[in-house]
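Undergrad: Quick one, fold the following:
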Amino acid sequence: MIYPSIDDLLKRVDSRYSLVILAAKRARQLRDIQGNVEGGANLKEVSAALEEISKEKITFERTKDGIK
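TA: All right, here's what the predicted structure looks like:
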């Protein structure tokens, strides 16, 4: 089974598009700071980002220009 599940993730955001954008932005941040990924080196950046969204450690704010 894939963790976190897509159903669980979609409860945290308003659409799949928002989920993809939020995960991509966070994954880029994690890649840039290399080594501060919770869970150690075993998690890839995207997996770590999705896990953080699932645990509500990161959120998003919809602005006029997009997601912040």
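
Undergrad: Could you tell me how many residues sit around E56?
TA: Using other CB atoms under 10 Å as the criterion, E56 is surrounded by 9 other residues. From N, CA and C alone the C-beta is placed, and that goes for glycine too.

Undergrad: With T63 instead?
TA: For T63, the count of nearby residues is 8 (other CB under 10 Å).

Undergrad: quick one, helices of the chain?
TA: For the chain, the helices identified by DSSP state H occupy 6-10, 16-33, 45-54, in order along the chain.

Undergrad: who wins for proximity to E61 among the ones you listed?
TA: Of all these, helix 16-33 sits nearest to E61, with 10.3 Å by CB to CB.

Undergrad: Now that closest one: buried residues?
TA: Neighbour counts using 16 or more other CB atoms under 10 Å place 18-19, 22-23, 26-27, 30 of helix 16-33 among the buried residues.

Undergrad: And the residues you listed, which is closest to K44?
TA: Closest approach between those and K44, by CB to CB: A27, at 8.2 Å.

Undergrad: and the closest one, what is it in contact with?
TA: Residues in contact with A27, defined by CB atoms under 8 Å, 6 or more residues apart in numbering, are 45-46, 48-49.

Undergrad: So which of those residues is surrounded by the most neighbours?
TA: Comparing the contacts of A27 on neighbour count, A49 comes out first with 24 neighbours (neighbours: other CB under 10 Å).

Undergrad: That one contacts R26, doesn't it?
TA: Yes: between A49 and R26 there is a contact at 3.8 Å, judged by CB atoms under 8 Å.
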